[in-house]
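Novice: sequence-free structure coming up:
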């Protein structure tokens, strides 16, 4: 579906029972279509109180859509909903144009953006599960070209092909699920290894194209001292829907010797297909193991409140709604003073568990890191220890694993004034001095 020459398409939106999110969803459909290499040349809408099981919209509206599509010379029609196999087949027959739905567009985008083997397996599994029940229409058309019907021994060629295609797809899905289980085993092993290191884990979550990857790159730029390593550790960040599908984890080492693991996950979107959430469950599961979530919000998008609602709903579905969260209102530099809501903050600024910043320009990074530190390093305490010279290894240990602010060489030993882990304080409490 994604091509260099834009396919001209007509969008169709159905407003069921005055859905307050209807306009937002339809506008987003246009962005999804563009991400698929399509050119939107028209929009048709209809208000309904119930969905037509046969053609989704009203029967009269179908003829109107057909007429508009032909008049505008649209090459295809795209619905802002997930259509059933029967609806898809009936609409295609009546409109005499290819018909796509929102789920199909998202799957196409995911297919084109998957880079790692794990992401490719997850996307292909979801795509095949979506396509399997939708083969029926093709099978019926082909079966009419075969022989007589009504006898198992004299099936039409199309019907035989349909059954073969379904069998191949089911077999392929089974193969992919087995391969994914092996990949998940490796991910579980890596996750257990990280948990054993007892390094705090922070996960970036939020709506697609909110700036999660940009924020990760900004933190790498700021806190990775080696320039060559800095460029290698960065992730792809572009102004597009679902630029990144693969979960990436980077260690962020701070100047005070503290560190945390930062993970970047696939972005969320309204009406994200359930089979995609299921397929990406092992990837999204990284969120559940985080000590802290950073919900990145595109503050310059007038629909940012709706995006936050979708994020909360998705986190709840993943079982991660109770994890502590910092709300990162990103792209504040793009908001003009006359667009700001009453009570909105300057950039950068901090309010409770919210920060207003601009990751792309490096604005607010120190403030964000300070917020992160105060939440995930609660087990750190200030103290002073007098360590005998015979225990010099312990001085080296604290220099590597604590934030040492002062060193004094006394007759009795080395006095360290520092901020260290509470467990280390308890373990070496005999050296603590007032």
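Specialist: That came in fine, so what should we check first? As the structure is a prediction and not an experimental result, all values here were calculated from the model. Numbers count the residues shown, from 1 in each chain.
Novice: residue 97 contacts residue 72, doesn't it?
Specialist: No - applying Cβ atoms under 8 Å as the test, residue 97 and residue 72 come out as separate, 10.7 Å apart. C-beta: built from backbone N, CA, C; applies to glycine.
Novice: the more surrounded of these two?
Specialist: residue 97 (18 against 13; other Cβ atoms under 10 Å).
Novice: point out where this protein drops to low pLDDT.
Specialist: 1-4, 136-159, 197, 240, 244, 279, 282-283, 336-345 (pLDDT under 70).
Novice: what is the burial count for residue 361?
Specialist: Count around residue 361 with other Cβ under 10 Å applied: 14.
Novice: now it, nearest residue through space, not along the chain?
Specialist: Nearest residue to residue 361, sequence neighbours excluded (Cβ to Cβ, 6 or more residues apart in numbering): residue 333, at 5.8 Å.
Novice: so who does that neighbour touch?
Specialist: Residue 333 makes contact with 347, 358, 360, 361, 363, according to Cβ atoms under 8 Å, 6 or more residues apart in numbering.
Novice: buried set for stretch 242-259?
Specialist: Across stretch 242-259, burial judged by 16 or more other Cβ atoms under 10 Å covers 242-250, 252, 254, 256-258.
Novice: next one: stretch 348-356
Specialist: 348, 350, 354, 355, 356.
Novice: check stretch 50-68 too.
Specialist: Buried residues in stretch 50-68 (16+ other Cβ under 10 Å): 55, 56, 57, 61, 62, 65, 66, 68.
Novice: quick one: end-to-end distance for it.
Specialist: Stretch 50-68 has its terminal residues 23 Å apart, counting by Cα to Cα, to the nearest Å.
Novice: can you list contacts of that stretch?
Specialist: So stretch 50-68 is in contact with 10, 12, 14, 16, 42, 44, 46, 48, 74, 77, 79, 81, 83-84, 86-87, 90-91, 94-97, going by Cβ under 8 Å, 6+ apart.
Novice: name the helices or strands packed onto the longest helix anywhere in the chain?
Specialist: Looking only at the chain and at elements set by DSSP state H, the helix with the highest residue count is helix 157-196. On a contact count with 3 or more Cβ pairs under 8 Å, 6 or more residues apart in numbering; DSSP states H and E, helix 157-196 meets helix 117-131, helix 136-143, helix 281-284.
Novice: helix or strand right after the last one?
Specialist: Once helix 281-284 ends, the next helix or strand along the chain (criterion: DSSP states H and E) is strand 292-298.
Novice: tell me what that following strand is packed against?
Specialist: By 3+ Cβ pairs under 8 Å, 6+ apart, strand 292-298 packs against strand 201-206, helix 212-223, helix 304-318, strand 325-330, helix 365-376.
Novice: can you flag the buried ones in the contacts of stretch 50-68?
Specialist: 10, 12, 14, 42, 44, 46, 74, 77, 79, 81, 83-84, 86-87, 90-91, 94-95, 97.
Novice: which of these fall in helices?
Specialist: 86, 87, 90, 91, 94, 95.
Novice: determine which two of the residues you listed are furthest apart.
Specialist: Based on Cβ to Cβ, the longest span within those runs between 86 and 95 and measures 14.7 Å.
Novice: between the contacts of residue 333, which is nearest residue 168?
Specialist: Nearest to residue 168 among these, with distances taken as Cβ to Cβ, is residue 360, at 45.7 Å.
Novice: where does the record place the domain boundaries for the protein?
Specialist: With domains defined by automatic domain parsing, the chain comprises 7-110, 114-185, 199-376, 380-433.
Novice: re the thing from before, how near is the residue nearest to residue 361 to residue 56?
Specialist: 42 Å (Cβ to Cβ, to the nearest Å).
Novice: now swap in residue 206 and tell me
Specialist: Residue 206 is 31 Å from residue 56, by Cβ to Cβ.
Novice: residue 162 contacts residue 134, doesn't it?
Specialist: No - contact criterion Cβ under 8 Å: residue 162 and residue 134 do not qualify, at 11.3 Å.
Novice: how many neighbours does the closest residue to residue 415 other than its chain neighbours have?
Specialist: Spatially, and ignoring its direct neighbours in sequence, residue 415 is nearest to residue 408 (4.1 Å; Cβ to Cβ, 6+ apart). Burial of residue 408 is recorded as 11 neighbouring residues (other Cβ under 10 Å).
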